[in-house]
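Q: here's a sequence, model it:
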Amino acid sequence: MKSDIHPSYEYVVFNDLASGKKFLTRSTVSSDKTIEWEDGKTYPVIDVEVSSESHPFYTGKQRIMDSAGRVERFNARFKNFGKKA
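A: Next up, the predicted model:
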């Protein structure tokens, strides 16, 4: 293998903006922002909008889509589409 071609794999704190949860893991991504973690060490922090803590698939709090209303709106918008006058 070639040396010095791989990115550094360091500890990083990911901050879920939706739920406010933070978790420490390792990643190749880096940041200039830092945060002091529970162990007293300072780590780079990456802000994410959605993680497993806030995504509806993992939390079980899925929103029910109003598919019937969407179909009715679609049909109303395009009821005369393609018809010759």
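Q: burial of Y43, as a residue count?
A: 19 (other C-beta atoms under 10 Å). The C-beta positions use only the backbone N, C-alpha and C, and glycine is treated the same way.
Q: so it: helix, strand or coil?
A: Put simply, Y43 is strand when judged by DSSP: H, G, I helix; E, B strand; the rest coil.
Q: mind checking the longest helix of the chain?
A: Secondary structure assigned by DSSP state H gives helix 67-77 as the longest helix of the chain.
Q: off-centre distance for it?
A: Centre-to-centre, helix 67-77 and its host chain are 29 Å apart (C-alpha atoms, centre = their mean, to the nearest Å).
Q: go on, stretch 31-41?
A: Centre-to-centre, stretch 31-41 and its host chain are 21 Å apart (C-alpha atoms, centre = their mean).
Q: list every C-alpha atom in it, with coordinates, as PDB.
A: Taking Å, rounded to 0.1, in the frame of the first residue of the first chain, the C-alpha atoms of stretch 31-41 are listed here in PDB:
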ATOM      1  CA  SER A  31     -13.800  20.800  11.600                       C
ATOM      2  CA  ASP A  32     -12.400  24.000  13.000                       C
ATOM      3  CA  LYS A  33     -15.100  24.100  15.700                       C
ATOM      4  CA  THR A  34     -14.200  22.300  18.900                       C
ATOM      5  CA  ILE A  35     -16.000  21.100  22.000                       C
ATOM      6  CA  GLU A  36     -14.900  19.800  25.300                       C
ATOM      7  CA  TRP A  37     -16.300  16.300  25.800                       C
ATOM      8  CA  GLU A  38     -17.300  14.500  29.000                       C
ATOM      9  CA  ASP A  39     -13.800  13.000  29.400                       C
ATOM     10  CA  GLY A  40     -12.300  16.500  29.600                       C
ATOM     11  CA  LYS A  41     -10.600  16.300  26.200                       C
END
